[in-house]
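A.B. asks: for reference, the sequence and a predicted model appear below.
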Amino acid sequence: MKQPRNPRDVHPPLADYTHQIELSDAERLLVLSGQVGAHPDGSVPSDPLDQLEVAWDNVERNLQAAGMQVEDLVKVTFYLVGDMDAGRRRDLLARRLGGHQPCMTLLFVAALAAPHLKVEIDAWASA
């Protein structure tokens with residue numbers, strides 16, 4: 001069972017996320033390695049927002065392979081390099097999350113594993 005909470009004595013979430021999600025009972029836990037914006041053929045779009053879209057596709061494909069869906073996500077961490085339009089990023093994530101509000105962290109970092117990679121998503125899911 002998943003119990004999302006936003007404690008009253010903690011500031012309200014700054015975006016569409018939840019401060020905490022408690023897992024109990026015998027839930028399955030799926031931990032993903034960082035997913036980058038690479039297509040199945042290995043190609044990577046140059047635009048960071050396109051990379052975010054493709055990285056999210058990869059998260060969803062991993063969830064599907066485990067018989068899970070976006071609503072099973074409990075923690076998502078975004079690693080971003082360089083500039084990315086915040087409004088377009090929020091719109092993309094709102095569309096892809098469909099109202100689901102997992103725990104989230106967003107970090108701007110100096111670099112990822114290769115210079116052309118601008119986005120990496122780390123995710124945990126439970127069902």
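C.D. replies: Received, thanks. Numbers count the residues shown, from 1 in each chain.
A.B. asks: for the biggest helix by length in the chain, packing partners?
C.D. replies: Secondary structure of the chain per DSSP state H: the longest helix is helix 48-65. For helix 48-65, the packing partners by 3 or more C-beta pairs under 8 Å, 6 or more residues apart in numbering; DSSP states H and E come out as strand 35-36, strand 73-80, helix 86-97, strand 119-126. Backbone N, C-alpha and C define where each C-beta goes, glycine included.
A.B. asks: mind checking which of these is nearest residue 51?
C.D. replies: strand 119-126 (4.3 Å; C-beta to C-beta).
A.B. asks: so where's this protein shaky on pLDDT?
C.D. replies: Scanning the chain for pLDDT under 70 picks out 26.
A.B. asks: just want the most central residue of it.
C.D. replies: Closest residue to the average C-alpha location of the chain: residue 76 at 3.9 Å, with C-alpha atoms, centre = their mean.
A.B. asks: mind listing what that residue touches?
C.D. replies: For residue 76, the contacting residues are 59, 102-105, 121-124, by C-beta atoms under 8 Å, 6 or more residues apart in numbering.
A.B. asks: can we see that at 10 Å?
C.D. replies: Neighbouring residues of residue 76 by C-beta atoms under 10 Å, 6 or more residues apart in numbering: 17, 32, 56, 59, 70, 93, 97, 100, 102-106, 121-125.
A.B. asks: now residue 71
C.D. replies: With contacts defined as C-beta under 10 Å, 6+ apart, residue 71 is in contact with 2, 63, 97-100, 102, 125, 127.
A.B. asks: SS state for it?
C.D. replies: Classification of residue 71 using DSSP: H, G, I helix; E, B strand; the rest coil returns helix.
A.B. asks: look up how far residue 127 lies from it.
C.D. replies: Taking C-beta to C-beta, to the nearest Å as the measure, residue 71 falls 9 Å from residue 127.
A.B. asks: which neighbours do the two have in common?
C.D. replies: Common contact partners of residue 71 and residue 127 (C-beta under 10 Å, 6+ apart): 2, 63.
A.B. asks: sec struct for the nearest residue to residue 116 once chain neighbours are set aside, please.
C.D. replies: Once flanking residues are discounted, residue 116 sits nearest to residue 44: 5.6 Å by C-beta to C-beta, 6 or more residues apart in numbering. Using three-state DSSP, the structure places residue 44 in coil.
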